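Chemist: I would like the atomic coordinates for the input below:
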Amino acid sequence: MGDILPFKRPASGKKRPSEIHKGKTLCKSGFHKWEISKDKQFDSRQGKLVTFYVCQRCGATKTKSL
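Modeler: Predicted coordinates:
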C-alpha cells in the first residue's frame, strides 16, 4: 500500500483566497455597491453641497454635486 498523506487543516486565523477576494470581480465589471458617506458633505471649491459615495467592497469613491 502507498503512503497515506494527512490533509492540511486550515489555520484558524487565516481566510481562504475566495473569501478575501469576494465581490472584487463585481467591482471590476462596474457593479459597485455604493454607500453614502457622511464624512464630507460640503465642497469649499465649488461652494456647494456634495454627496460623497464609497463602495462597500473595494473602497472606490465618487462624488455627486447637487
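Chemist: use CA for all of it now, contacts and neighbours both
Modeler: Noted.
Chemist: how about the strands in this structure?
Modeler: 34-37, 42-43, 48-55, 61-65 (DSSP state E).
Chemist: winner for burial among those?
Modeler: Across those, the average number of neighbours (mean count of other Cα atoms under 10 Å) peaks for strand 48-55, which reaches a mean of 16.
Chemist: describe which strands that one pairs with in its sheet and in which direction.
Modeler: Strand 48-55 has these partner strands in its sheet, going by DSSP bridges: strand 34-37 (antiparallel), strand 42-43 (antiparallel), strand 61-65 (antiparallel).
Chemist: can you give me the mean pLDDT across that strand?
Modeler: Mean per-residue pLDDT for strand 48-55: 85.
Chemist: next: stretch 25-43.
Modeler: pLDDT averaged over stretch 25-43 gives 82.
Chemist: residue 54 is in contact with residue 38, isn't it?
Modeler: No: checked against Cα atoms under 8 Å, the pair residue 54 and residue 38 is beyond contact range at 10.1 Å.
Chemist: now do the contacts for the residue nearest in space to the middle of the chain.
Modeler: The centroid of the chain falls nearest to residue 57 when counting by Cα atoms, centre = their mean (1.9 Å). Residue 57 makes contact with 23-24, 27, 32-33, according to Cα atoms under 8 Å, 6 or more residues apart in numbering.
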